[in-house]
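Asker: What shape does this take:
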Amino acid sequence: MAVRGAIFDCDGTILDSMPMWSATCIGLLRSYGVADAERVFAEHESLDMDKKCYWYHDHLGIGESGEALYRELWQMVERAYERDVRPFAGVEAFLGELRAAGVPMVVASSTPPELLRFALGTHGLLDYFDELVFAGDAGRGKEYPDVYIAAQERLGTERGHTWVFEDAPFGVRSAARAGFPVVALFNDHDGRDRGFLERWATQVATGYGELSLGRLAGLAPRTMRALVVAASPEPSSPVLVSRLAREADYVIAADAGAEVLRAAGVVPDAYCGDEDSSTAETRAWAEGHAADVVRFPAEKDDTDLELAIGRAQAEADRRGACLRLTVTCASGGRPDHMLVVWGVLARHAQLAPRLVEDGFACRVLAREGEPAWRRPADLGRTVSAIALAGDAIVSERGFFWTLDRAQMGPLADRGLSNKVTADDCEVVCHSGVLAVFAM
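Answerer: Now for the predicted structure:
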């Protein structure tokens with residue numbers, strides 16, 4: 001897989017600074033008499049530096065204010081970057097290889113940009129990077145993919161070819177779940193769980209000597225393609241279901257979806273639901289063949305589709321893979337059921353789920369997931385883009401009507417029934433949640 005853009009964490013990835021951060025934060029906490037300072041630091045490691053200090057003040061009652069504690073920690077860390085921290089061996093040579101190949105690079109960090117500039121500049125590494133992206137400006141912490149998505153947008157590269165280099169387990173997982181290929185940097189002194197990193201990363205490296213553009217180009221991200229066959233009273237055709245199942249790594253029957261799979265001659269990997277819409281004969285068949293059977297009570301809040309998607313995510317998590325979700329046999333029947341299906345798919349928009357039926361295909365997009373729908377398409381094909389939640393910001397090219405960051409309100413008709421006019425067309429969701437239909 002080509003490397004067209006690179007996003008680097010700094011502390012623990014470029015600079016061997018995690019021992020400094022733990023020692024400095026734990027030392028700060030101990031100086032105020034905080035008991036079990038090591039545990040407190042570990043539990044809040046993922047917070048941005050300023051949020052960490054405000055949490056220490058607000059919940060532990062230390063320091064005159066969160067701001068005062070932040071200034072104190074800043075001074076301690078700045079001195080330590082200069083005195084105690086060094087780059088990892090081989091990192092500058094690897095950065096040089098990327099720069100020579102024309103790969104744009106940014107840093108995505110929970111450390112404030114001013115402190116990053118000081119740290120990287122002190123060690124002669126600042127000029128390798130086009131920009132520094134701060135998690136605090138991007139939104140949430142690195143347990144979520146916000147900072148990596150913001151960095152990718154700065155690079156202007158495709159997510160599947162934008163590599164994230166990270167040491168923090170929570171960062172590795174959130175970047176992988178968002179569809180980035182990830183290199184996890186592992187060493188023998190930062191206390192990371194290598195098994196966890198191996199579950200989520202495309203590649204685990206114990207040093208930069210193991211990395212090269214050629215080696216990364218030969219790797220592929222871990223993905224699990226799941227097919228959920230739902231229980232619509234207007235079932236998808238056996239031909240379509242059979243084709244979708246052949247493309248999937250994991251097939252889930254949601255209650256009466258087992259009837260559709262049985263008709264198509266496809267054995268599900270998992271069967272789940274409240275068993276109120278499938279026949280006793282089909283239930284016995286599914287339970288006798290599926291490796292995973294999960295029963296739910298009929299009196300429940302979630303739909304069988306929601307529970308089946310949760311089962312798909314759990315299996316992807318078990319495999320340490322990024323979930324690619326396709327749903328079929330879900331849109332026919334009662335209109336209230338159909339609206340709830342769109343609500344379920346909108347709630348899982350970060351997965352960029354596909355809904356494929358005999359008469360149409362649809363992909364749901366969100367900024368956190370895959371932000372674009374791209375495909376070579378037949379000229380004259382009808383494509384509609386409909387906002388499902390919030391005000392979506394949408395661009396369309398290769399159509400009769402083009403859009404450039406146009407705002408669409410929920411269920412607005414502006415994106416309805418566009419026509420493909422170019423062999424290569426694209427719909428981009430810059431924000432909000434968008435359903436793109438191809439008929």
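Asker: Tell me which stretches of the stretch 151-300 of the chain form helices.
Answerer: Assigned by DSSP state H, counting those that start in this stretch, the helices in the stretch 151-300 of the chain fall at 169-177, 194-200, 213-217, 238-247, 257-264, 280-289.
Asker: Could you check the angle the fifth one makes with helix 238-247?
Answerer: Interaxial angle, helix 257-264 versus helix 238-247 (axes from the mean of the first three to the mean of the last three C-alpha atoms, to 10 degrees): 100 degrees.
Asker: Before we move on, what's the pLDDT of residue 135?
Answerer: Per-residue confidence at residue 135 stands at 89 (pLDDT).
Asker: Spatially nearest residue to it, not counting backbone neighbours?
Answerer: Nearest non-adjacent residue to residue 135, counting by C-beta to C-beta, 6 or more residues apart in numbering: residue 147, 4.1 Å away. Glycine gets a C-beta too; all of them are placed from N, C-alpha and C.
Asker: Then residue 218?
Answerer: residue 1 (7.9 Å).
Asker: With residue 180 as the reference, measure out to that neighbour.
Answerer: From residue 1 across to residue 180, the span is 11 Å (C-beta to C-beta, to the nearest Å).
Asker: can you list the weak-confidence ranges in the stretch 151-300 of the chain?
Answerer: Residue ranges of the stretch 151-300 of the chain with pLDDT under 70: 275-277, 296-300.
Asker: And the residue nearest the centre of this protein?
Answerer: Nearest to the mean C-alpha position of the chain, by C-alpha atoms, centre = their mean, lies residue 178 at 1.5 Å.
Asker: what sits against that one?
Answerer: Residue 178 is in contact with 145, 148-149, 159, 322, 350, 368-369, counting by C-beta atoms under 8 Å, 6 or more residues apart in numbering.
Asker: same check, this time on residue 438
Answerer: So, once contact is read as C-beta under 8 Å, 6+ apart, residue 438 ends up touching 360-362, 375, 377, 381-383.
Asker: Quick check: bridge partners of it?
Answerer: The residues listed as beta-bridge partners of residue 438 by DSSP bridges are residue 361, residue 383.
Asker: quick check: angle from the helix or strand harbouring the residue nearest to residue 135 to helix 169-177?
Answerer: Take DSSP states H and E as the rule and residue 147 turns out to sit in helix 146-155. Taking the same axes, to 10 degrees, one finds helix 146-155 and helix 169-177 inclined to each other by 50 degrees.
Asker: could the contacts of residue 178 be laid out in a markdown table, adding neighbour count?
Answerer: Converted to a markdown table, the contacts of residue 178 look like this (neighbours: other C-beta atoms under 10 Å):
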| residue | neighbour count |
| --- | --- |
| 145 | 28 |
| 148 | 29 |
| 149 | 26 |
| 159 | 23 |
| 322 | 22 |
| 350 | 20 |
| 368 | 21 |
| 369 | 22 |
